[in-house]
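Below are the sequence and a predicted model; questions follow.
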Protein chains: 2
Amino acid sequence: MKGIRRLAQQLDISIGTVSRALNGKPDVNEQTRARVLEAAAAMGYVPNQAGRSLREGSTKAIGFTIESGADTAGNGDNFFLGVIDGVQTAFSRHNLDLVVLPCSTEEDPSQYLRRMVARGMVDGMIISATHRRDARIELLANARLPFVALGRSGTPGPHPWIDLDFEGVVNLGIDRLVAKGHRRIAVGLPSNDINLGFVFFDGYKAALARHGIPYDPTLVIRAGSSEQGGYQIAHELLMLPERPTAVILIYEMMAIGLYRRLNEAGVRPGRDIAVIGFREGPQSRFLSPPLTCFRLSLRDLGVALGESLLASMPAYADIYPQGLVRRIWPLQLVPGESDDFTIPR
Amino acid sequence: MKGIRRLAQQLDISIGTVSRALNGKPDVNEQTRARVLEAAAAMGYVPNQAGRSLREGSTKAIGFTIESGADTAGNGDNFFLGVIDGVQTAFSRHNLDLVVLPCSTEEDPSQYLRRMVARGMVDGMIISATHRRDARIELLANARLPFVALGRSGTPGPHPWIDLDFEGVVNLGIDRLVAKGHRRIAVGLPSNDINLGFVFFDGYKAALARHGIPYDPTLVIRAGSSEQGGYQIAHELLMLPERPTAVILIYEMMAIGLYRRLNEAGVRPGRDIAVIGFREGPQSRFLSPPLTCFRLSLRDLGVALGESLLASMPAYADIYPQGLVRRIWPLQLVPGESDDFTIPR
DNA sequence: TAGGACTTCGTAAACGTTTCGGAGAAAAAT
DNA sequence: ATTTTTCTCCGAAACGTTTACGAAGTCCTA
């Protein structure tokens, strides 16, 4: 005899009453409810999830898919761990648990997601690293599973997302560089088709146009989202006939490799060339010179992500009545010394 | 009508036969099996996990708990993402899926683990960041849930683990430094009670003793497992009346902050002081000077971790008959230039 | 005192799956 | 021709939970 049945037998009550007592249903004597709760705590009873979700049709868990593999971790350091922490606090208020579903490098993300959805292990899903045209979004929409994307996408159809304010960042960054006299501003982008690369690129071109600076394709370098990528970016920039005076990077880890290559060439970041990174990482301020970059609270972002998922789940519609949420997440400039280089007029 | 019932009705077969056909049981006509498989694929049928695990008493999933929160992540994202990728490939051969269970910074890891185990969502568990005395180990042992720890622990009772070869690393590192004439060798350790800190410390003392170097407690600096921690370590070392000529760090990220503080003081890493880091990170070789550190394949480590868990699961005892696995994972020296500094005799 | 409203609880069905014990038929053995 | 074996399949039970429904009991009202 196990589970609720054992509890009921021990208390000499029917299992139905025990269940109602535990779940806070009204039609149960408060005295017996107290007895049940006490006995449950005493014997360490916890409801079996399989039984419950079979009956309920819902598990109290939300999935968060990321791509595993150390080298594919475009965001580096602790991006996901920070966001996840926020997501969790958003969910814990509703007794929802978070499970992270890492898609192996060996598997197609869509296939993986399909399997996980079919598994029926989660009531909702958060996907990250959205691509230009992301099959996962169509998949989730078809499966009618509530979801929210960390990162917008060009995939047609309405779906909720939260994305970082790439336009704002690149605008502010280029404004700042132009104010210091820069006109030849390079940009380091990811080489894969992750959507943020396109958004950043569009913002870059728009910002240049706004300042009347002609767009020069040779100043756009695409490379891996890693230190190695930054190294390569610097390498290619150094080989240009007319070297840029400033560079703006989409991943802060790129700065490490970029610094390295520049130093090798005797070009001092912050003095001979201005460098602006994107997201502030734990290392930004410990680089020499400290990297000028943009700050956001990963935890707050995670909370917002969790809440926007809740808003798109019918069961929580009364608590979060916003419906379909789309949100641009702001970042704050963190001035370093890497963009101190000023062009004399 | 849903699930297997619908499939059975459509094929005009009993649900039992459908189930047996799908699960490869012997007593089903190969012709009808083919029909079932085809129909299942056609209508995109996937077995409901709740129903299955309710009946089976087992879900086909393994849990991997880590601590979320950007600041608590001593190893950073790439470490776990790399290991997880390996774990996954080990499991995928047996159609097991991996779910990562991130323990929020707000919650006690033991309580969290208890909840997750009680949830009955996983058949086995991998825990990481083991502490000196880890309540989670006793918890899992009591719950009789198969598990393996990434990191040994002082917790009594036999349990399987895999841990990095800290002794080997610190031995090799100190041998190397001593061969270059160093006698005042500092060590940067984590400030929390994570077990690897103790193991590393013991190895440090043993290695010094082996070389007849007296142990000087002032050369042992404990700090946060981050860039900031490295900065602090350098800061404290610089304030010592007699400065060490070498320092060995337990986290490679510490090197970034350490470099920074040393540079601020005009002390050049690799020329005025020798620095050895522990695990090679993506940035090690892009630092100036490149960090001397130790390499391991995260993916292989993950595979080993997965297989040792399988070995402790009764259901897979025939495939992995090794039983309780305890393993020290070797690392390879990656020479950089950060320990080029040699003491003239 | 009869009847209604309310409270409290037990019974049983349902969720989707796997598996056990047989049943019927065909094939093989006697 | 009868028994035995083999091959397929069906029916039913079971996993642990929640909940709709109804039954008893109590209290109040007419």
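Yep, that arrived.

Could you tell me the phi and psi values at the residue most central in space within chain A?
With distances taken as CA atoms, centre = their mean, A:Leu150 lies nearest the centre of chain A, 4.7 Å away. With angles defined as degrees, to the nearest 10, A:Leu150 sits at phi -90, psi 100.

for A:Leu249, same thing?
In terms of degrees, to the nearest 10, the main-chain angles of A:Leu249 are phi -110, psi 150.

residue ranges for the strands of chain A, please.
Under the criterion DSSP state E, chain A contains strands at A:61-67, A:97-103, A:124-128, A:147-150, A:161-164, A:185-190, A:220-223, A:246-249, A:274-279, A:292-295, A:326-329, A:332-334.

Okay, now the unreliable bits of the stretch 201-345 of chain A?
Scanning the stretch 201-345 of chain A for pLDDT under 70 picks out no residues.

do that again at 90, thanks
A:282, A:314-315, A:317-323, A:344-345 (pLDDT under 90).

rewinding a little: for chain B, see how far away the residue nearest to the centre of chain A is.
14 Å (CB to the nearest CB, to the nearest Å). Every C-beta, even on glycine, is put in place using the N, C-alpha and C of the backbone.

quick one: contacts for A:Ala42?
Listed by CB atoms under 8 Å, 6 or more residues apart in numbering or on different chains, A:Ala42 has no contact partners.

number of nearby residues for the residue lying closest to A:Gly302 once chain neighbours are set aside?
In this structure, A:Gly302 finds its nearest non-sequential neighbour in A:Gly86, 2.2 Å apart by CB to CB, 6 or more residues apart in numbering or on different chains. The number of residues packed around A:Gly86, counting by other CB atoms under 10 Å in any protein chain shown, is 24.

Double-check A:Gly86 against A:Leu296; I have them as touching.
No. Taking contacts as CB atoms under 8 Å, A:Gly86 lies outside contact range of A:Leu296: 10.9 Å.

Let me see the ranges of the helices in the stretch 151-300 of chain A.
A:166-179, A:195-210, A:227-239, A:253-264, A:298-311 (DSSP state H, counting those that start in this stretch).

Around DNA strand C, which positions in chain A sit nearby?
With CB under 7 Å from any atom of the strand as the criterion, chain A comes near DNA strand C at residues A:12-17, A:20, A:27-32, A:51, A:54-55, A:57.

So which of those residues are in helices?
A:15-17, A:20, A:30-32, A:51, A:54-55 (DSSP state H).

I'd like those residues as TSV, with pLDDT, distance to chain B and neighbour count appended.
Formatted as TSV, those follow (pLDDT from 0 to 100; distance: CB to the nearest CB, whole Å; neighbours: other CB atoms under 10 Å in any protein chain shown):
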residue	pLDDT	distance to chain B	neighbour count
A:Ile15	95	16	15
A:Gly16	95	19	12
A:Thr17	96	22	18
A:Arg20	96	20	17
A:Glu30	94	26	8
A:Gln31	94	27	8
A:Thr32	95	24	15
A:Gly51	94	5	16
A:Leu54	95	4	19
A:Arg55	95	9	11
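
Which two of these have the greatest separation?
The span of these, defined through CB to CB, is set by A:Gln31 and A:Leu54 at 31.1 Å.

got the contact list for A:Asp216?
A:Asp216 makes contacts with A:Arg184, as judged by CB under 8 Å, 6+ apart.

same question, A:Glu236
By CB under 8 Å, 6+ apart, the contact set of A:Glu236 is A:221, A:223.

Return, as residue ranges, the portions of the stretch 1-150 of chain A with sub-threshold pLDDT.
For the stretch 1-150 of chain A, the stretches with pLDDT under 90 are A:1-2, A:44, A:46, A:67-79, A:93, A:95, A:105-106, A:114-115, A:117-121, A:142-144.

rewinding a little: I'd like to know how far the residue nearest to A:Gly302 sits from A:Leu98.
Using CB to CB, to the nearest Å, we find A:Gly86 at a distance of 10 Å from A:Leu98.

go on, A:Met1?
Taking CB to CB, one finds A:Met1 at 33 Å from A:Leu98.

So between the two, which is more surrounded?
Ranked by neighbour count (other CB under 10 Å), A:Met1 and A:Leu98 place A:Leu98 first, with 26 against 9.

Beta-bridge partners for the more buried one, please?
When bridges are called by DSSP bridges, A:Leu98 pairs up with A:Ile62.

show me the residues around it that make contact.
Neighbour list for A:Leu98: A:61-64, A:84, A:87-88, A:91, B:102 [criterion: CB under 8 Å, 6+ apart].

Swap in 7 Å and give it another go.
Going by CB atoms under 7 Å, 6 or more residues apart in numbering or on different chains, A:Leu98 touches A:62, A:64, A:84, A:87-88, A:91, B:102.

Any idea which residue of the stretch 1-150 of chain A lies closest to DNA strand D?
The stretch 1-150 of chain A approaches DNA strand D most closely through A:Gly3 (2.5 Å), counting by CB to the nearest atom of the strand.

For A:Ile13, give its distance to chain B.
For A:Ile13, the distance to chain B equals 22 Å [CB to the nearest CB].

With A:Ile256 instead?
Applying CB to the nearest CB, the value for A:Ile256 to chain B is 5 Å.

I figured that residue hits A:Gly230, correct?
Yes. Between A:Ile256 and A:Gly230 there is a contact under CB atoms under 7 Å: 6.1 Å.

between the helices of the stretch 151-300 of chain A, which gets nearest to B:Gln322?
helix A:227-239 (37.5 Å).

Restrict that closest one to CA atoms and write it as PDB.
This file holds the C-alpha atoms of helix A:227-239, laid out as PDB (Å, rounded to 0.1, in the frame of the first residue of the first chain):
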ATOM      1  CA  GLU A 227      37.000  34.600 -27.600                       C
ATOM      2  CA  GLN A 228      38.400  33.000 -30.700                       C
ATOM      3  CA  GLY A 229      35.800  34.900 -32.700                       C
ATOM      4  CA  GLY A 230      37.000  38.100 -31.200                       C
ATOM      5  CA  TYR A 231      40.600  37.300 -32.100                       C
ATOM      6  CA  GLN A 232      39.600  36.600 -35.700                       C
ATOM      7  CA  ILE A 233      37.600  39.900 -35.900                       C
ATOM      8  CA  ALA A 234      40.700  41.900 -34.800                       C
ATOM      9  CA  HIS A 235      42.800  39.900 -37.200                       C
ATOM     10  CA  GLU A 236      40.600  40.800 -40.100                       C
ATOM     11  CA  LEU A 237      40.200  44.400 -39.100                       C
ATOM     12  CA  LEU A 238      44.000  44.800 -38.900                       C
ATOM     13  CA  MET A 239      44.400  43.600 -42.400                       C
END
